[in-house]
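Engineer: Sequence first, predicted coordinates after that:
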Amino acid sequence: EQRGDFDGRSVILEDYKSNYNPEKWMVVPLECYPYAVWSDPNCYVDDNYTFIAKHSSMYFSSLSNGSVVQTEALIPASNWTLEPIGEGYFKINNFEKECLATSDPNDKSNGVDAIIYNCDVSENQMWRFEPTADGCYKIVSKYSEKCLEVSGGGKGDNVTVQQFDYRGQDYQIWNIINID
């Protein structure tokens, strides 16, 4: 069950992360709706998620050198948490609590690599999820308005993820799965 609060900025959800328990409630920021980034209608921001490239069925992962690539295996570096920051944007954090960013915070051009970096207030670390017609999502940078894609549409292991103008290609579309 959902009901809005009086300030118009959040929704109250019944049965927060437990078996049916009408005495447990959680207030969730309204920016989770209507984006409902995952199929779980409760929009739990403290859960772990994985992103799967539509074209390759490979995982969006961070490497120890700070790069972001697609990988064949679901590894700890394929787990992400989402931190709502307002206006429908999120910080996407890896398992070490570092933020997904673009490699050059001053570059809005195509082909700028996605990296993992210490979290700060830079717009190149702010992302929104836009649904596509097939039930997946494009991940769009607040700073550049470009989406994340697997470079060149590559289907191999460790292909770089970068920002690029959205062209409706399957390598720019991500399936987002709650893995908790």
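Structural biologist: Ah, there it is.
Engineer: Let's verify residue 177: helix, strand, or coil?
Structural biologist: Secondary structure for residue 177, judged by DSSP: H, G, I helix; E, B strand; the rest coil, is strand.
Engineer: Give me the pLDDT value at it.
Structural biologist: In this prediction, residue 177 carries a pLDDT score of 86.
Engineer: Does residue 81 touch residue 90 like I think?
Structural biologist: No: taking Cβ atoms under 8 Å as the definition, residue 81 is not a contact partner of residue 90, at 9.3 Å. Heads up, the C-betas are built off the backbone N, CA and C, glycines and all.
Engineer: Looking at those two, which one has more neighbours?
Structural biologist: Neighbour count, other Cβ atoms under 10 Å: between residue 81 and residue 90, residue 90 has more, with 25 against 18.
Engineer: what's the strand or helix carrying that one packed up against?
Structural biologist: Secondary structure here is read from DSSP states H and E; on that basis residue 90 sits in strand 89-93. Using 3 or more Cβ pairs under 8 Å, 6 or more residues apart in numbering; DSSP states H and E as the contact criterion, the secondary-structure elements in contact with strand 89-93 are strand 81-86, strand 99-102, strand 127-131.
Engineer: and with 10 Å instead?
Structural biologist: Using 3 or more Cβ pairs under 10 Å, 6 or more residues apart in numbering; DSSP states H and E as the contact criterion, the elements in contact with strand 89-93 are strand 59-62, strand 81-86, strand 99-102, strand 114-117, strand 127-131, strand 137-141.
Engineer: Same list (those strands) but as CSV, adding distance to residue 108 and mean pLDDT.
Structural biologist: As requested, the helices and strands packed on strand 89-93 are arranged in CSV below (distance: least, Cβ to Cβ, whole Å; pLDDT from 0 to 100):
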stretch, distance to residue 108, mean pLDDT
strand 59-62, 21, 95
strand 81-86, 20, 85
strand 99-102, 9, 96
strand 114-117, 14, 96
strand 127-131, 15, 91
strand 137-141, 8, 94
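Engineer: Which of those sits closest to residue 48?
Structural biologist: Of all the helices and strands packed on strand 89-93, the one in closest proximity to residue 48, counting by Cβ to Cβ, is strand 81-86 (6.2 Å).
Engineer: Centre of the chain to the closest one, how far?
Structural biologist: Relative to the centre of its chain, strand 81-86 is centred 9 Å away, using Cα atoms, centre = their mean, to the nearest Å.
Engineer: and it, C-alpha only, in PDB?
Structural biologist: Listed next in PDB are the C-alpha coordinates belonging to strand 81-86 (Å, rounded to 0.1, in the frame of the first residue of the first chain):
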ATOM      1  CA  THR A  81      23.600   0.800  -4.600                       C
ATOM      2  CA  LEU A  82      21.500   3.800  -5.600                       C
ATOM      3  CA  GLU A  83      21.500   7.000  -3.500                       C
ATOM      4  CA  PRO A  84      18.700   9.400  -4.400                       C
ATOM      5  CA  ILE A  85      19.900  13.000  -4.500                       C
ATOM      6  CA  GLY A  86      16.700  14.700  -5.700                       C
END
